[in-house]
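*Asks:* Structure, please.
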Amino acid sequence: MSRCLPAVPNLAVLLLAALGLSCAHGPRDEVQLVRRITADGEQTPWTHLEFADDPAEFQFLIVTDRTGGHRPGVFPEALRKAELLRPEFILSVGDLIEGYSEDRARVEEEWDEFEGFFEGLDIPFFYVGGNHDLSNEVMAEIWRERFGPSYYHFVYRSVLFLCANSEDGQPNRISPEQVDYFRRALEENADARWTLLFLHKPLWVYEAEEAPGWAELEELLMGRDYTVFAGHFHQYRKHVRRDRRYFVLATCGGVSSLRGPDRGEFDHVVWATMTDEGPRVSNLMLDGIWDEDVFTERSAELVRQLVDLRVTPRLCRPDGSLLAEAGFRLSNEEAIPMRVVARAEDHSGLAEPWHAEPWVLKTEVPPDSVMMFALPVAASPRTGAGGVRRTGVGEAPDGAPLALSVTTGFELEDHRPLEFEHDFRLEVGAVRELPERPTGLVVDGDLSDWAALKFEVADTGSAGRARFGLAMGDSMLYLGVRAEDDRVIHVDDDVPRWHHDHVEVRIDTRPFAERRLIHSQWDLRTYVFLALFPAREEESEQMWERANYPEALRMAQRTIRGGYEMELAVPIAYLAERGDVERLEGFSFNLTLIDWDDPEGEERTASWQTPWHLEEAAVGAGGFEVR
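*Replies:* Residues are numbered from 1 along each chain as shown. Predicted structure coming up:
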């Protein structure tokens, strides 16, 4: 038995007493193994009598992220299934409540709900905190009051379990005190036959300066047999690092596209059988059981190539010169051919003067090669030089995008096909030109100094409408928004997080060749995302995570009769830096109006240009050229 450590007095003793734990490699005293079987002849209806009943082996279960946009009912269902499986205990890897609040009553209510899931469950559950559980000092204090230490260890059947806090005082941090604690735990359990580390964030994928303390903790594990389990990314991946296994688990109710094992996106629990060779891992899902290689680094590499379609819209500049020809590019880095089937057949919605012939392609991309495929899109000859009817500032697109479907696939060594279907909508037309440089704009929430708000967020019948304007100054990109709303839910009203009326702005300033691609909803590294909220306190800056943006950025808002107004000024230098360009020559823009008439009901949205992360978004839409 491990002796107690001063940082968490009596914890090891309490765990051992509660679980009846023993470090001996034998069954509990009251359990007797009886083998009684007879056979009349040499032939027997069994293979052998070497039972898999090693008393040193045991089973435990791991649950992963419940929150980060939780889907009700999934996590309690997982616990019910866990009880059927009868593991000896359950561990978590964090993100158990939504959190991210300093409202003590709300956090306590969320923990009460979570702890209620265990009513009637007689299997021990070990907590590990995630960023949603320990995001501020109020939440850390509540954790201490309810659960005690945020990091700890215990020993079960000579296996050392380390439960770490990856949010120790700040995000992505293992504090020096925590490192010292685990150093002593490891020294005092040097004879453990295996070590298992549990933490929320997979800190090994971060740069060293982004995860202080991780390198020191990992170094302590050197020379031992160990395995690491984490969560956070909501996508399963098995890593092999330093000849050891590091698992990033998927979800147990947290937000996910649930695209399946081929994307590492699924709800699951991990069933682990502890052996002398380490934990044998099985992923248990509603529709079956998968082994630990459900999604490996090799799988990820194959999928990356199948989904990495560099799709290009048919766009011209405002002066009519060609900016991009419609088509797509595929790269095959494997030693086997990549199958491709593509169709662009329905062109009925293209606006004049554009036209295209029906097009079907069946081919292969040879091993170790790159191929470009052009789509037959052109303008009628009568349009003159440049082949485009110029799109005026503020005009909504007057034609449907070009529909393109592409299926890519490999046939793997075991003859199992790995295949993906892609549906794209390609913008066909001209990028927009920004208005003249503004004079006299003051960011105060009052739009009376704007000459015009030329862009409209159309009324969809559900979320009202808004108008907005964009203007490029010498050092700032300006945005003015006027939203119509007969019931404004302000950010300082007492309603759940993100259940306020607000405006979401996305600005992609990367070079055109990169920003023409469809984005992932959560990959905020590729574009600037701003969430702007109306508040009862006029002219105050009400933004999501304001500290993450430069001080020079300015935002103001005010409530008006029948809605609210907002102004925003974003430094051009910041936009260029985020796009990794020396000079801002163009950008893609999207604005979405979020309306909550009832904070307990459903949100309603309307957008200018479909948000990039949605399937119906058009590649290349919302483009602007900076003169």
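*Asks:* Could you confirm Val240 falls within a helix?
*Replies:* No - Val240 sits outside any helix when classified using DSSP: H, G, I helix; E, B strand; the rest coil, being strand.
*Asks:* Is it in contact with Tyr246, as I believe?
*Replies:* Yes - the criterion here is Cβ atoms under 8 Å, and Val240 meets it with Tyr246 at 7.5 Å. (C-beta placed from N, C-alpha, C; glycine too.)
*Asks:* more neighbours, those two?
*Replies:* More crowded of Val240 and Tyr246, by other Cβ atoms under 10 Å: Tyr246, with 20 against 10.
*Asks:* ok but that one is inside a helix, no?
*Replies:* No - read with three-state DSSP, Tyr246 is strand and lies in no helix.
*Asks:* Okay, Phe295 and Asp168: tell me how far apart.
*Replies:* 29 Å (Cβ to Cβ, to the nearest Å).
*Asks:* no no, Arg224
*Replies:* 22 Å.
*Asks:* Kindly report the same for Pro87.
*Replies:* 28 Å.
*Asks:* ok, Ala374 - contacts?
*Replies:* 325-327 (Cβ atoms under 8 Å, 6 or more residues apart in numbering).
*Asks:* Considering these, which is situated nearest to Gly579?
*Replies:* For the contacts of Ala374, the minimum distance to Gly579 (Cβ to Cβ) is 22.6 Å, reached by Glu325.
*Asks:* residues near that closest one, how many?
*Replies:* Counted with other Cβ under 10 Å, Glu325 comes out at 14.
*Asks:* from what I can see it touches Arg314, true?
*Replies:* Yes - with contact defined as Cβ under 8 Å, Glu325 counts as touching Arg314 (6.4 Å).
*Asks:* joint contacts of those two?
*Replies:* By Cβ under 8 Å, 6+ apart, the residues touching both Glu325 and Arg314 are Val377.
*Asks:* Which of the helices or strands spans Leu84?
*Replies:* helix 74-85 (DSSP states H and E).
*Asks:* Other residues contacting the helix or strand following that helix?
*Replies:* On the C-terminal side of helix 74-85, the closest following helix or strand by DSSP H and E is strand 90-92. With Cβ under 8 Å, 6+ apart as the test, strand 90-92 has contacts from 60-64, 79, 82, 123-128, 161, 163, 198, 229.
*Asks:* If we use 6 Å, what do you get?
*Replies:* Contact with strand 90-92 is made by 61-63, 82, 123, 125-126, 128, 198, as judged by Cβ atoms under 6 Å, 6 or more residues apart in numbering.
*Asks:* Let me know the closest of the residues you listed to Glu427.
*Replies:* The closest of the contacts of strand 90-92, once distances to Glu427 are taken by Cβ to Cβ, is Val63, at 43.1 Å.
*Asks:* For the closest one, the count of nearby residues, please.
*Replies:* Here the number of neighbours of Val63 (other Cβ under 10 Å) works out to 25.
*Asks:* Was I right to think it contacts Cys252?
*Replies:* Yes - if you go by Cβ atoms under 6 Å, Val63 and Cys252 touch, sitting 4.8 Å apart.
*Asks:* between the two, what contacts are shared?
*Replies:* Counting by Cβ under 6 Å, 6+ apart, the residues touching both Val63 and Cys252 are Ala78.
*Asks:* So for Pro87 and Asp168, which sits in the more crowded spot?
*Replies:* Taking other Cβ under 10 Å, Pro87 and Asp168 do not tie; Asp168 has more neighbours (23 against 19).
*Asks:* these two touch, right, that one and Val179?
*Replies:* No - assessed by Cβ under 6 Å, Asp168 is found out of contact with Val179, at 9.6 Å.
*Asks:* residues contacting Val491?
*Replies:* Contacts of Val491 (Cβ under 6 Å, 6+ apart): 500, 533, 535, 542.
*Asks:* Where does the prediction get shaky in the stretch 151-300 of the chain?
*Replies:* 286, 289-291 (pLDDT under 70).
*Asks:* in the stretch 51-200 of the chain, which spans are helices?
*Replies:* Assigned by DSSP state H, counting those that start in this stretch, the stretch 51-200 of the chain shows helices spanning 74-85, 104-116, 137-147, 176-187.
*Asks:* same question for the shortest one, mean pLDDT?
*Replies:* For helix 137-147, mean pLDDT rounds to 97.
*Asks:* Distance to Thr559 added to the helices of the stretch 51-200 of the chain, as a markdown table?
*Replies:* Below are those laid out as a markdown table (distance: least, Cβ to Cβ, whole Å):
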| stretch | distance to Thr559 |
| --- | --- |
| helix 74-85 | 38 |
| helix 104-116 | 25 |
| helix 137-147 | 29 |
| helix 176-187 | 46 |
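*Asks:* Nearest to Pro279, out of these?
*Replies:* helix 74-85 (15.3 Å).
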